[in-house]
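A.B. asks: return a 3D structure for these sequence lines:
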Amino acid sequence: MDVGFDFTELHDQSLPPVVMPFCPIEKKLQGQKALVTGASSGIGKGIALGLAHAGADVVVNYVSEPEAAEEVVAEASRCGSKAYAHRCDVSHEDEVQEMFRRMVGEFGAIDILVNNAGLQKDAPFDKMTLDDWNTVIGVNLTGQFLCAREAIRAFRRRGVAPHVSCSAGKIICVSSVHDVIPWAGHVNYAASKGGVSLMMKSIAQEVAPYRIRVNAICPGAVRTPINVQAWNTPEAYAELMRLVPYKRIGEVDDIARASVWLASDDSDYITGASIYVDGGMTLYPGFDTGG
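C.D. replies: This next block holds a predicted model:
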């Protein structure tokens, strides 16, 4: 699964090269059915394509830009996987239930849920509106609840299918380093991700006896269109690297690799874990000289 990233001149470059999408030789997820929310761009797109490369059939959830979602479907299909796009606002219960009904109808089952859909509506706290708060909590936290609930219902109905996986189902909650790092000016976002963390652990504790695994991936600074201002100039990139001990920005492929591993039987004894894919951002880099 080597992507050929060239680190030899990394410290002489203000903007390191983009890690190219990987194409694993092993189809660790062959025969499995995955649903990735918010999969038309950014991290969600990378995860959907990573799962497809690993052999899974994929539902590409989106809420806007259907053309972008269809491009992900086309690329997943080129990996030899079945895929289709489905529009659904994950904060709406009826839409979530319909999305799962369609998936089970078309694919016959669900084995993997990646709860990735999320958004930001930033404001200083004293200027944050109730709509700013409710919109972010509704998608980032309630949306993960609604999708996880439907997935667990499906996992429990079917139980373990040994020819498919050791577990009855896997849920990966895409959270953030801001489930533990406070973020002034983004209180609603940080609160939603802190909620995802304890929701994930509580669900994992409850459903483990049914051989259902629930974990979280917590990205740090990742190169996506939503945060382009943080990395698209040498000055912005240098400022960002003050927060990243590993001294490179994350790529969506870094998150995709972790997702494939968590969805596979290679991680069968792992549940209730938050995995920080952040280049050390949660290592309190401000204290790297001893405080």
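A.B. asks: next secondary structure after the helix or strand of the chain with the lowest mean pLDDT?
C.D. replies: Least confident helix or strand, the chain: helix 234-241 with a mean of 92, by mean pLDDT, DSSP states H and E. With elements assigned by DSSP states H and E, the helix or strand that comes after helix 234-241 is helix 252-263.
A.B. asks: that older thread, list the buried ones in the least confident helix or strand of the chain?
C.D. replies: 236-237, 240-241 (16 or more other Cβ atoms under 10 Å). In short, each C-beta sits where N, CA and C put it, glycine included.
A.B. asks: same question for stretch 191-200.
C.D. replies: Here stretch 191-200 shows 191-197, 199-200 as buried, counting by 16+ other Cβ under 10 Å.
A.B. asks: CA atoms only: put it into CSV for me.
C.D. replies: What follows is stretch 191-200, C-alpha atoms only, in CSV (Å, rounded to 0.1, in the frame of the first residue of the first chain):
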residue,chain,number,x,y,z
ALA,A,191,-19.2,20.8,21.1
SER,A,192,-20.5,18.5,18.3
LYS,A,193,-17.2,16.6,18.1
GLY,A,194,-16.9,16.3,21.8
GLY,A,195,-20.4,14.8,21.7
VAL,A,196,-19.5,12.4,19.0
SER,A,197,-16.6,11.1,21.1
LEU,A,198,-18.8,10.1,24.1
MET,A,199,-21.7,9.0,21.9
MET,A,200,-19.3,6.7,20.1
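A.B. asks: so how far is that stretch off the chain centroid?
C.D. replies: 14 Å (Cα atoms, centre = their mean, to the nearest Å).
A.B. asks: can you pull out the strands in this structure?
C.D. replies: Ranges of strands in the chain, per DSSP state E, are 33-36, 57-62, 83-87, 112-115, 169-174, 212-219, 274-277.
A.B. asks: just want the angle from the third one to strand 57-62.
C.D. replies: With axes from the mean of the first three to the mean of the last three Cα atoms, to 10 degrees as the basis, strand 83-87 and strand 57-62 are set at 30 degrees to each other.
A.B. asks: cool, the fifth one as well?
C.D. replies: Here strand 169-174 runs at 40 degrees with respect to strand 57-62, directions being taken by the same axes, to 10 degrees.
A.B. asks: separation between the residue nearest the centre of the chain and Leu119?
C.D. replies: In the chain, the centroid-proximal residue (Cα atoms, centre = their mean) is Val174; its distance is 3.7 Å. The gap separating Val174 from Leu119 is 12 Å, by Cβ to Cβ, to the nearest Å.
A.B. asks: now do Val180
C.D. replies: From Val180 to Leu119 the distance is 20 Å (Cβ to Cβ).
A.B. asks: what's the answer for Arg101, then?
C.D. replies: 25 Å.
A.B. asks: residues contacting the residue lying closest to the residue nearest to the centre of the chain once chain neighbours are set aside?
C.D. replies: In space, and not counting its chain neighbours, Val174 is closest to Asn116: 4.2 Å by Cβ to Cβ, 6 or more residues apart in numbering. With contact set as Cβ atoms under 8 Å, 6 or more residues apart in numbering, Asn116 has these partners: 36-39, 43-44, 47, 174.
A.B. asks: these in helices, which ones?
C.D. replies: 43-44, 47 (DSSP state H).
A.B. asks: list just the nearest of those residues to Gly143.
C.D. replies: Gly44 (12.4 Å; Cβ to Cβ).
A.B. asks: any idea of the mean pLDDT in stretch 83-95?
C.D. replies: Mean pLDDT, computed over stretch 83-95, is 98.
A.B. asks: quick one: terminal-to-terminal distance for that stretch?
C.D. replies: Stretch 83-95 has its terminal residues 19 Å apart, counting by Cα to Cα, to the nearest Å.
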